[in-house]
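A.B. asks: quick one: sequence plus predicted model below, questions after.
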Amino acid sequence: MIRYCCLLMKPQLPSTQSLRVFETAARSLNCAQAGKELCLTASAVSKQLQSLEDHLGVELFIRSKHGLKLTEAGHIYWDCIKPVMAKLEEAGARVARHQLHLQDLDVRVLVAFAERWLLPRYSEFADANPDLKIHFDTSTLRDEAIPFAYDAYIRLGNGYWPGCVADYICGRQQVMIASPDLLRRHPPIQSPADLARFPLIGHTWFPNDWAEAFEALGVKIDQTLNVTRWELFSMTIRSACVGHGLALAPLCFVTEELARGELVRMLDYSRYGPQGYYFVFSEDRQDDAALSRFRRWLRSRQFDGEEIP
């Protein structure tokens, strides 16, 4: 009964030292080897593991003369803490790098924005600010496990993040695009209703984009739309370029393909949605000189690549 009551209480977090010992032991499955890596004795490692098991109320390892073996609970716990430990190491590294490079910035950027908008323009900023180094991270995780682990972010959203300043850059204007080759392979489009005959391409984050497009065009769709979806706009656009179907994408991401004739706009369709790309940083960083320089440049390019509504 006492143990059952303890499980119902809000558990206290184990120490980072015990988590580090567990993660190392789970990798090596040997107390002596884990101790060597951590500069601890095998006995100290064993005591840390026992203390963690007592804390959690479960056995994490099966012990034998041949070493350690993870239990099922041990495997579950290891899978859960691996990303946590990685994030803690990343946070420490970023703090250390920040102390060494106070004029540098770490900015997390969504892949599509980096490839389709930032890269073609960034040399303008870099040439004008040779003393400011920016390190861009394009990892694909949507949510931040550690708030403000980076100096700033390029985020896709509605512009509201509590405790943050968010400057709109671009991306709200969506257009309908297709390759000329796709259009040559199908009968001419006489009315918006003819669009339903085409294969459709969309983005996984916007499951209602095509239903909203047809509604805006006054087209009634009786069946469920069959849409091939990609998680990156760069893939959506590439799929459209090679003729896989009609696609919906931010106008600011396809200006080069439209100019070269690789893609054409369909029916002059344009819609301003609630989601766009924003430069986001903590409110308490508004006086940061390096951050302000990059922010001013981004704001000077606001709406670049789209038609101002």
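C.D. replies: Cool, the structure landed.
A.B. asks: what's the neighbour count on residue 151?
C.D. replies: 21 (other CB atoms under 10 Å). Yep, even glycine has a C-beta here, placed from its N, CA and C like the rest.
A.B. asks: now residue 164, which residues is it bridged with?
C.D. replies: For residue 164, the beta-bridge assignment (DSSP bridges) gives partners residue 282.
A.B. asks: so who does it touch?
C.D. replies: Contacts were defined as CB atoms under 8 Å, 6 or more residues apart in numbering; by that measure residue 164 touches 280, 281, 282, 283.
A.B. asks: buried subset of these?
C.D. replies: The neighbour count (16 or more other CB atoms under 10 Å) marks 280, 281, 282 as buried among those.
A.B. asks: select the longest helix from this protein.
C.D. replies: helix 72-100 (DSSP state H).
A.B. asks: give the pairing partners of the next helix or strand after that helix; include direction for each.
C.D. replies: Per DSSP states H and E, the first helix or strand lying C-terminal to helix 72-100 is strand 105-109. For strand 105-109, sheet partners with direction are given as strand 134-137 (parallel), strand 152-157 (parallel), following DSSP bridges.
A.B. asks: output strand 105-109 as CSV, nothing but the C-alphas.
C.D. replies: Output for strand 105-109, consisting of C-alpha atoms alone and laid out as CSV, is shown next (Å, rounded to 0.1, in the frame of the first residue of the first chain):
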residue,chain,number,x,y,z
LEU,A,105,24.0,34.1,-33.3
ASP,A,106,22.4,30.6,-33.3
VAL,A,107,19.3,30.6,-35.3
ARG,A,108,17.0,27.7,-35.9
VAL,A,109,15.4,27.8,-39.4
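A.B. asks: who's in contact with the helix or strand just after that strand?
C.D. replies: Proceeding N to C from strand 105-109, the next assigned helix or strand is helix 111-113, under DSSP H and E. Under the criterion CB under 8 Å, 6+ apart, residues 138, 140, 154, 156, 171, 232, 233, 234, 253, 277 lie in contact with helix 111-113.
A.B. asks: average pLDDT for helix 111-113?
C.D. replies: Mean pLDDT, taken over the full extent of helix 111-113, equals 93.
A.B. asks: how far is that helix from where the chain is centred?
C.D. replies: Distance of helix 111-113 from the chain centroid (CA atoms, centre = their mean, to the nearest Å) equals 10 Å.
A.B. asks: can you check stretch 281-293 too?
C.D. replies: 22 Å.
A.B. asks: list the buried residues for that stretch?
C.D. replies: Taking 16+ other CB under 10 Å as the criterion, stretch 281-293 shows 281, 282, 285, 288, 290, 291, 293 as buried.
A.B. asks: gap between the two ends of stretch 250-265?
C.D. replies: Across stretch 250-265, the terminal residues are separated by 12 Å (CA to CA, to the nearest Å).
A.B. asks: ok, which stretches of the stretch 101-250 of the chain are strands?
C.D. replies: Secondary structure of the stretch 101-250 of the chain (DSSP state E, counting those that start in this stretch): strands located at 105-109, 134-137, 152-157, 164-170, 173-178, 200-203, 227-230, 246-250.
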